[in-house]
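Visitor: Quick check, what structure comes out for this input:
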Amino acid sequence: MMVSHPTSLLTGVLALLSPLTAHSFVIPPSENLQAFVGQAQTLNPSLESASIENEGFSRPSWFTSTLMARRLLALSPSGVISTTFPDSVPPSAHAPSDVAGISIGLREYIADCDGSLPSDLSHDDNGDPTILGLRIGTTFKNIAAGSNLSLQIDWWDHINEAGSVYPGLPPSLAALPRVTLFGYLDNLPSPLPDDAAAALEQCFLEPHPDAKVWLPGASYSPHASFWARLVVTHAYWIGGFGDVQQIGWINLTEWQGIRPHGSVAGVGDGRGWQDVRLPGEKP
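Guide: Now for the predicted structure:
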């Protein structure tokens with residue numbers, strides 16, 4: 001049984017709550033703080049962990065965290081793509097001129113479909129998410145104008161299933177994992193070969209059946225669309241609170257080498273992202 005260290009727990013909670021005093025949040029007196037945070041609890045048993053010396057907490061290894069990040073990508077039907085408006089906003093953009101150079105984050109459909117493509121078009125299922133882009137969309141207009149981009153995905157919609165995953169605290173969104181992927185957009189050939197198009201549509205429409213209306217090349221689509229993938233060059237992981245989860249930059253070789261049911265030779269311990277579970281997932 002993993003038991004939190006009382007001193008570390010109180011210190012961590014004080015650090016977590018102290019900024020709230022400026023917003024009329026009153027921290028309980030020290031003698032009542034233990035009652036406020038509650039008794040120490042065990043971590044979610046679905047998360048494999050490695051011991052942290054002298055702390056009494058446990059934290060997953062970095063490879064386990066990378067497996068969880070790849071699983072998060074595989075299970076995420078959407079994410080927030082951040083781009084930047086061009087330095088000079090053209091009139092055709094129908095946007096205020098003073099948003100020039102400012103970033104904007106918009107939620108877009110994504111899917112982990114690279115593994116469904118034929119080998120000559122696939123990146124070997126290495127964690128580059130598939131995106132269905134609309135040329136009229138602000139996100140894709142900004143990218144076409146030269147904007148860099150990042151994609152943020154999280155597990156926050158699963159707060160009810162996850163429950164309390166941090167020792168001594170009630171359910172907390174901030175304790176749940178998220179990852180930000182940096183890279184560039186790589187447009188897939190248009191039109192795709194029939195076999196590739198059929199495989200990609202089957203994969204993408206499973207989480208997004210409504211997207212059938214605006215698939216690339218659909219004569220009835222209200223907007224011109226295209227298939228692309230985000231080629232991941234960096235990944236930043238926040239597994240939760242840093243005393244019990246990893247926070248930092250993911251090893252890209254490990255990210256790219258993980259598969260659903262294993263990993264390529266020389267990467268990690270051979271496990272795939274199907275071998276881990278995110279907080280609240282059933283075994």
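
Visitor: from here on, contacts and neighbour counts on C-alpha atoms
Guide: OK.

Visitor: Pull the contacting residues for residue 149.
Guide: Neighbouring residues of residue 149 by Cα atoms under 8 Å, 6 or more residues apart in numbering: 81, 82, 83, 84, 143, 182, 183, 184.

Visitor: Of these, which is the most crowded?
Guide: When neighbours are taken as other Cα atoms under 10 Å, the top entry among these is residue 83 (24 neighbours).

Visitor: From residue 182, how far off is that one?
Guide: Distance from residue 83 to residue 182, counting by Cα to Cα, to the nearest Å: 11 Å.

Visitor: which residues do these two both contact?
Guide: With Cα under 8 Å, 6+ apart as the test, residue 83 and residue 182 both reach 149, 150.

Visitor: returning to that earlier point: what's the closest of the contacts of residue 149 to residue 205?
Guide: Closest approach between those and residue 205, by Cα to Cα: residue 81, at 19.8 Å.

Visitor: for the helix or strand containing the closest one, packing partners?
Guide: Using DSSP states H and E, residue 81 falls within strand 78-84. Here strand 78-84 touches strand 103-111, helix 138-144, strand 149-154, going by 3 or more Cα pairs under 8 Å, 6 or more residues apart in numbering; DSSP states H and E.

Visitor: Before we move on, what's the pLDDT of residue 32?
Guide: Here, the pLDDT recorded for residue 32 equals 41.

Visitor: Nearest to residue 125, out of the helices and strands packed on strand 78-84?
Guide: Set against residue 125 and scored by Cα to Cα, those come closest in strand 103-111, at 11.8 Å.

Visitor: The closest one pairs with which strands, parallel or anti?
Guide: Partners of strand 103-111 in the sheet, by DSSP bridges, are strand 78-84 (antiparallel), strand 130-134 (antiparallel).

Visitor: what comes up buried for the helix or strand harbouring residue 204?
Guide: Per DSSP H and E: residue 204 is located in helix 194-205. Residues of helix 194-205 classed as buried by neighbour count (16 or more other Cα atoms under 10 Å): 196, 197, 199, 200, 201, 202, 203, 204.

Visitor: and the second one, how far is that from residue 213?
Guide: It stands for residue 197. Taking Cα to Cα as the measure, residue 197 falls 15 Å from residue 213.

Visitor: One more: the first one?
Guide: When Cα to Cα is the yardstick, residue 196 and residue 213 sit 19 Å from each other.
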